[in-house]
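[1] fold the following for me, if possible:
(one chain, ligands or ions: 1)
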Amino acid sequence: MKPASETHPVRTAFSASYYAKTPQPSMRKLPLVAQQAADAGFATLVEPQPASRADLERIHRHSYVESILSGNGPLSECAFGFWSEAYRDGVLAINGGNLLAARMALEDGIAANVAQGFHHAAPRNGGGFCTFNGLALVAAMRPDLNVFVLDCDEHGGDGTAQFTKTLPNLFNFSICGSTMGAYEGGRSIVRKVPAGDEPQARCYLDEALSLISEKRPGLVIYQAGMDPHIDDPLSRSKMSADFLARRDALVMETLALELAIPFFFVLAGGYQEPMEQKLVPLHVRTFEIAAKTKHLATT
Ligand SMILES: [Zn+2]
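    This next block holds a predicted model:
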């Protein structure tokens, strides 16, 4: 841990409703990460307004939104068999948190949402534990802004890639161990990292950051996934904890200090259990790096 004097807390969207008893840690880990990041002085938590039906229907078909909001309908395609009111309310708050984090990023340069981007959700349906695509939602709600998603989850952002076909201000760059069949072309780039090949992953990061430097988007959303970690049950790329910390520092320092492009980050995936010992510290470290970067950016 860095001394508190070398960090500056990052305004971070979080609500106590970001919790549901999901089979995987995806929504169980969120309050633990938020609490520890705040207690360490890395984050100042800010309560978001839930996303509205009208917001969500900008990007998803009406019948799908209705299925999730009501809990009726083809839940096998949209809520993966574990729909509950808490799950629905959490998903709405998280999507509102993505909109709040975008606003805070534009004001502060760096912001966060203790949540997922829900990058597998596509216009007509959800997928891979993702309901409403909070990355596409930001782009849809801010057509005045070019939004660049740097997705470093273990899994390619196939849903976000679909949305690049219809949202002209959205660009997606996935660096992943499994592509999930993500569409590539137009404004979607997908780079697959071979198992354990950290130098190759670093090359892809450099490629993405060069592209950001060239395009100068108005906002970057960084999916700081921890499921590439070597011990994660879903990892194929098998990255070390040290590499993931260097990845976070490279992305954040380049955006904040070199390019001065506003960004916010989300936790994205990470599934190790017991999560308190193995997973939560990885995500909290991302906050530590963000708070250190913000300190450097403000001094
Ligand atoms: Zn993932």
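[2] SS state for the residue of the chain found nearest the ion?
    Nearest residue of the chain to the ion (C-beta to the ion) works out as residue 269 at 2.9 Å. Backbone N, C-alpha and C define where each C-beta goes, glycine included. Using DSSP: H, G, I helix; E, B strand; the rest coil, the structure places residue 269 in coil.
[3] which residues in the stretch 1-150 of the chain form strands?
    Using DSSP state E, counting those that start in this stretch, the strands assigned to the stretch 1-150 of the chain run over residues 10-13, 43-46, 110-113, 147-151.
[4] other SSEs contacting the third one?
    Applying 3 or more C-beta pairs under 8 Å, 6 or more residues apart in numbering; DSSP states H and E, one finds that strand 110-113 contacts strand 10-13, helix 85-108, strand 263-266, helix 280-297.
[5] helix or strand right after the helix or strand containing residue 205?
    Following DSSP states H and E, the helix or strand that holds residue 205 is helix 198-215. Sequence order places strand 219-223 as the next helix or strand after helix 198-215, per DSSP H and E.
[6] and the contacts of that next one?
    98, 102, 105-106, 117, 119, 135, 138, 142, 145-153, 157, 212, 251-252, 255, 261-266, 268 (C-beta atoms under 8 Å, 6 or more residues apart in numbering).
[7] list the contacts of residue 260.
    Counting by C-beta under 8 Å, 6+ apart, residue 260 has contacts residue 109.
[8] just the buried residues of the contacts of strand 219-223.
    Among those, those classed as buried by neighbour count (16 or more other C-beta atoms under 10 Å) are 98, 102, 105-106, 117, 119, 135, 138, 142, 145-153, 157, 212, 251-252, 255, 261-266, 268.
[9] return the angle between stretch directions for the longest strand anywhere in the chain and strand 219-223.
    Counting by DSSP state E, the longest strand found in the chain is strand 170-176. On the basis of axes from the mean of the first three to the mean of the last three C-alpha atoms, to 10 degrees, strand 170-176 is oriented at 30 degrees to strand 219-223.
[10] and the angle from the following helix or strand past strand 170-176 to strand 170-176?
    Per DSSP H and E, the first helix or strand lying C-terminal to strand 170-176 is strand 188-192. With the same axes, to 10 degrees defining the directions, strand 188-192 sits at 10 degrees from strand 170-176.
[11] and strand 188-192, how far from the chain's centre?
    Its chain's C-alpha centre and that of strand 188-192 lie 16 Å apart, by C-alpha atoms, centre = their mean, to the nearest Å.
[12] then stretch 131-139?
    Worked out by C-alpha atoms, centre = their mean, stretch 131-139 lies 10 Å from the chain centre.
[13] how about stretch 191-201?
    The mean C-alpha position of stretch 191-201 is separated from the chain mean by 20 Å, C-alpha atoms, centre = their mean.
[14] and stretch 223-233, by the same measure?
    Per C-alpha atoms, centre = their mean, the centroid offset for stretch 223-233 relative to its chain is 13 Å.
[15] pull out the buried residues from that stretch.
    So for stretch 223-233, counting by 16+ other C-beta under 10 Å, buried means 223-229, 232.
[16] from those, which is closest to residue 295?
    residue 224 (18.2 Å; C-beta to C-beta).
[17] and the closest one, what does it touch?
    152, 248, 251, 265-268, 283, 286.
[18] now with 7 Å, please.
    By C-beta atoms under 7 Å, 6 or more residues apart in numbering, the contact set of residue 224 is 152, 248, 265-268, 286.
[19] one more: residue 261?
    212, 216-217, 220, 255.
[20] how about these, which pair is most distant?
    Maximum distance among the contacts of residue 261 (C-beta to C-beta): 11.3 Å, for 216 and 255.
[21] make CSV from the contacts of residue 224 and add pLDDT and distance to residue 29 to it.
    Formatted as CSV, the contacts of residue 224 follow (pLDDT from 0 to 100; distance: C-beta to C-beta, whole Å):
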residue, pLDDT, distance to residue 29
152, 98, 17
248, 98, 17
265, 98, 15
266, 98, 12
267, 97, 8
268, 95, 11
286, 98, 12
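[22] ok so, going back, show me what the helix holding residue 205 is packed against.
    For helix 198-215, the contact count by 3 or more C-beta pairs under 7 Å, 6 or more residues apart in numbering; DSSP states H and E identifies strand 147-151, strand 170-176, helix 241-253 as packing neighbours.
[23] now these in a markdown table, with distance to residue 26?
    Listed next are the helices and strands packed on helix 198-215 as a markdown table, based on distance: least, C-beta to C-beta, whole Å:
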| stretch | distance to residue 26 |
| --- | --- |
| strand 147-151 | 16 |
| strand 170-176 | 17 |
| helix 241-253 | 18 |
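[24] send the alpha carbons of stretch 87-96 over as CSV?
    This file holds the C-alpha atoms of stretch 87-96, laid out as CSV (Å, rounded to 0.1, in the frame of the first residue of the first chain):
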residue,chain,number,x,y,z
TYR,A,87,-30.8,-8.4,-9.2
ARG,A,88,-33.0,-6.1,-11.3
ASP,A,89,-32.6,-3.2,-9.0
GLY,A,90,-28.8,-3.7,-8.8
VAL,A,91,-28.6,-3.9,-12.6
LEU,A,92,-30.5,-0.6,-13.0
ALA,A,93,-28.4,1.1,-10.3
ILE,A,94,-25.2,-0.1,-12.0
ASN,A,95,-26.2,1.2,-15.3
GLY,A,96,-27.1,4.6,-13.7
